[in-house]
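A.B. asks: The amino acid sequence is not available; the structure is as follows:
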């Protein structure tokens, strides 16, 4: 990896930094990283999560020099009036603390969740759909689902097979287009999903298991290298699949009406109502240009095979 | 930094001339002062956002989208209020601040982040209006009995109301200053001069009164977060009405005196002029001298106001700014209540914040 850094000094990966360089930058002046369309400046002064962070962010380009950032996010240890740490961490974005301090043991998920919060609350120049997005054969598959329906698990599994990860959380669309912009990020798996993905994709790299979060135990999967390297390549929406995992269920992949797909996509978005008529037209066009399905599944391999077939059919 | 921000507000095209690191800093200050949307609209009407780096253009156009969405939310809330109060067609309802700017389309409405609906209604109709809104889905903020009483006995408004299906706060006022304030602007005069808005159920304050209300809100309001934006409102309203409203400046100071608002009006004109360069005719400036406070107080205000208006440093809190904000908070209460009432109020608030066992 060091040869790459020498060959192209402007494109240095976080993983190319030595442990020491990484630490001195992220604890000191801060480290700029490009997360899809957003350039984020990170300062983290919580020693316990530096090593996991360096692993999970290994494939991201570092951003050098004076530049404008989309946000400046900081995670510090919270301290009491006598400046002693109180085993809590404080997330700050551009000098504002959007929520209360949270347990230090959950620092990594506090940071990840905080960055997502900033994206969802700040970047309204995009329509931000709440969906996992993957690409195959040059077209995007959107997997919108409510929490607990197996969206993240299916997304992480697909990202380790024949699909390119665009995002496990955000469908970023510039209003008036059907192109989905990638923002590959560490994918938080919850509870049983952690073991499922470990056995499904033994090559997947996971961060530490964080217990007792609001969502139970969480572990982050590192996004595959290719997905991060190709984060500048958007893809047009083509398949809208609403997944639901159900133990022991017989797999079903049924078409749904565009009107139903529209409602489910729009009402589940982060900022649909911000965009008014343009938002309506954008979702309408997304749906009109896509094939829409409902997927009930219990077995990952079978689900992936069905989605592969779907994307191959469109080639013909 | 203060100078830099003030210059950018006067001439947003300056943003494209900043070095990236300065532009980054300026955007964060503008965000904190809730002025990104305003600057975005001005830039789009001028050089366009494309002249800026993508990361800056995205933030600015995002802020504009958000400001437009908030304006839509504000208009819809007014529509719903008109529906809820349709039986009271003989009752004047005056939309104030952000809503009034939206209704009239004053220049400061563009890119402005609408927050709450503020309505001025005759005090005698307040109980009936409250009852109608409660019957149609609005709810009063859940307050402690102390806070509820604070609103009803001492302030010029009801506790905030919000419709169960929406998140917009509706504040029903019967005056523009606390009941307990030493100055007593007459609400009757405001109603007499209020103007119809074509096509709307709501009225707005007459131009001079609209500016005076913005001034009173800034200098006697006690909210510091949006203070710079409020001074910009004053600046833009003065420029706009000064140019479009016949004899605006001739009526200005006489109206100030009949509304008993000489002190806040003096401050409003002074700081709009010195901080934002608002053009004000010399005869008005001379007349406003009668509203000036004693020399030492003025010196303190001249130190305090710029420090409170501009957002503090981005990294950590500066102690000078902290002191200025603390002083400004106490001052904003001092002008609203007699000393005895103020001491009781601040003592109670101090007890609640610092000494009462949590959970009690």
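C.D. replies: Perfect, I can see it now. Bear in mind the structure is a predicted one, so any value in this text is a computation, not a measurement. Numbers count the residues shown, from 1 in each chain, chains lettered A, B, ... in the order given.
A.B. asks: Setting the sequence-adjacent residues aside, check what's closest to residue A:26.
C.D. replies: residue A:44 (5.0 Å; Cβ to Cβ, 6 or more residues apart in numbering or on different chains). For every residue, glycine as well, the C-beta is placed using N, CA and C.
A.B. asks: what does chain A put close to chain B?
C.D. replies: A:37-39, A:65-70, A:72, A:94-96, A:122-126, A:273-276 (Cβ under 8 Å from any Cβ of the partner chain).
A.B. asks: so where's chain B shaky on pLDDT?
C.D. replies: B:1-2, B:179-180, B:222-224, B:312-360 (pLDDT under 70).
A.B. asks: that older thread, of the residues of chain A next to chain B, buried ones?
C.D. replies: A:37-39, A:67-70, A:72, A:94-95, A:122-126, A:274-275 (16 or more other Cβ atoms under 10 Å in any protein chain shown).
A.B. asks: Just to be sure, which of these are found in strands?
C.D. replies: A:38, A:39, A:72 (DSSP state E).
A.B. asks: now, which of these sits nearest chain B?
C.D. replies: The nearest member of those to chain B, counting by Cβ to the nearest Cβ, is residue A:39 at 5.2 Å.
A.B. asks: I'd guessed the residue nearest to residue A:26 sits against residue A:75; true?
C.D. replies: Yes - using Cβ atoms under 8 Å, residue A:44 makes contact with residue A:75 at a distance of 4.8 Å.
A.B. asks: Surely residue A:39 is in contact with residue A:67?
C.D. replies: Yes - using Cβ under 8 Å, residue A:39 is in contact with residue A:67, at 6.7 Å.
A.B. asks: and for those two, which residues touch both?
C.D. replies: A:32, B:55 (Cβ atoms under 8 Å, 6 or more residues apart in numbering or on different chains).
A.B. asks: Contact residues of the stretch 51-200 of chain B facing chain A?
C.D. replies: Close to chain A, as judged by Cβ under 8 Å from any Cβ, the stretch 51-200 of chain B has residues B:52-53, B:55-56, B:58-59, B:61-63, B:65-66, B:68-69, B:72.
A.B. asks: For the stretch 101-250 of chain A, which segments count as helices?
C.D. replies: A:107-122, A:151-159, A:192-200, A:225-229 (DSSP state H, counting those that start in this stretch).
A.B. asks: could I get those as TSV with mean pLDDT?
C.D. replies: Compiled in TSV, the helices of the stretch 101-250 of chain A are given as follows (pLDDT from 0 to 100):
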stretch	mean pLDDT
helix A:107-122	96
helix A:151-159	95
helix A:192-200	95
helix A:225-229	96
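A.B. asks: Pick the most buried one from those.
C.D. replies: Mean neighbour count (mean count of other Cβ atoms under 10 Å in any protein chain shown) peaks for helix A:151-159 among the helices of the stretch 101-250 of chain A, with a mean of 25.
A.B. asks: What helices and strands are in contact with it?
C.D. replies: Under the contact criterion of 3 or more Cβ pairs under 8 Å, 6 or more residues apart in numbering or on different chains; DSSP states H and E, helix A:151-159 touches strand A:132-136, strand A:139-143, strand A:164-167, strand A:187-190, helix A:192-200, strand A:235-245, helix A:300-313.
A.B. asks: Report the angle between that helix and helix A:192-200.
C.D. replies: On the basis of axes from the mean of the first three to the mean of the last three Cα atoms, to 10 degrees, helix A:151-159 is oriented at 10 degrees to helix A:192-200.
A.B. asks: Run through who's touching helix A:151-159.
C.D. replies: A:131-132, A:134, A:141, A:143-145, A:165, A:168, A:187-190, A:193, A:196-197, A:200-201, A:204, A:221, A:223-224, A:227, A:243, A:245, A:297, A:300, A:303-304, A:307.
A.B. asks: quick revisit: just the ones of the residues of the stretch 51-200 of chain B next to chain A in helices?
C.D. replies: B:55, B:56, B:58, B:59, B:61, B:62, B:63, B:65, B:66, B:68, B:69, B:72 (DSSP state H).
A.B. asks: Skip the chain neighbours and tell me the closest residue to the last one.
C.D. replies: Setting aside the residues directly before and after it, residue B:72 is nearest to residue A:276 in space (Cβ to Cβ, 6+ apart), at 6.1 Å.
A.B. asks: who's in contact with the one you found?
C.D. replies: B:68, B:69, B:72.
A.B. asks: Kindly recompute the last result at 10 Å.
C.D. replies: A:175, B:65, B:68, B:69, B:72 (Cβ atoms under 10 Å, 6 or more residues apart in numbering or on different chains).
A.B. asks: do the same with residue B:237
C.D. replies: B:100-101, B:104, B:106-108, B:207-208, B:210-215, B:272, B:278.
A.B. asks: switch the cut-off to 8 Å
C.D. replies: By Cβ under 8 Å, 6+ apart, the residues touching residue B:237 are B:106, B:108, B:207, B:210, B:211, B:214.
A.B. asks: now swap in residue B:68 and tell me
C.D. replies: Applying Cβ under 8 Å, 6+ apart, the residues near residue B:68 are residue A:276.
A.B. asks: ok, residue B:42 - contacts?
C.D. replies: B:12, B:110, B:111.
A.B. asks: Which helix or which strand is home to it?
C.D. replies: Using DSSP states H and E, residue B:42 maps to helix B:36-45.
A.B. asks: what's the burial count for the residue lying closest to residue A:37 once chain neighbours are set aside?
C.D. replies: Distances taken as Cβ to Cβ, 6+ apart place residue A:181 nearest to residue A:37, at 5.4 Å, with adjacent residues excluded. Here the count is done by other Cβ atoms under 10 Å in any protein chain shown, and residue A:181 has 23 residues near it.
A.B. asks: If residue A:181 is in a bridge, with which residues?
C.D. replies: residue A:172 (DSSP bridges).
A.B. asks: that older thread, that's a strand at the residue nearest to residue A:26, yeah?
C.D. replies: Yes - Residue A:44: assigned to a strand according to DSSP: H, G, I helix; E, B strand; the rest coil.
A.B. asks: now it: how far from chain B?
C.D. replies: 15 Å (Cβ to the nearest Cβ, to the nearest Å).
A.B. asks: bridging residues for residue A:245?
C.D. replies: Under the criterion used (DSSP bridges), residue A:245 bridges to residue A:297.
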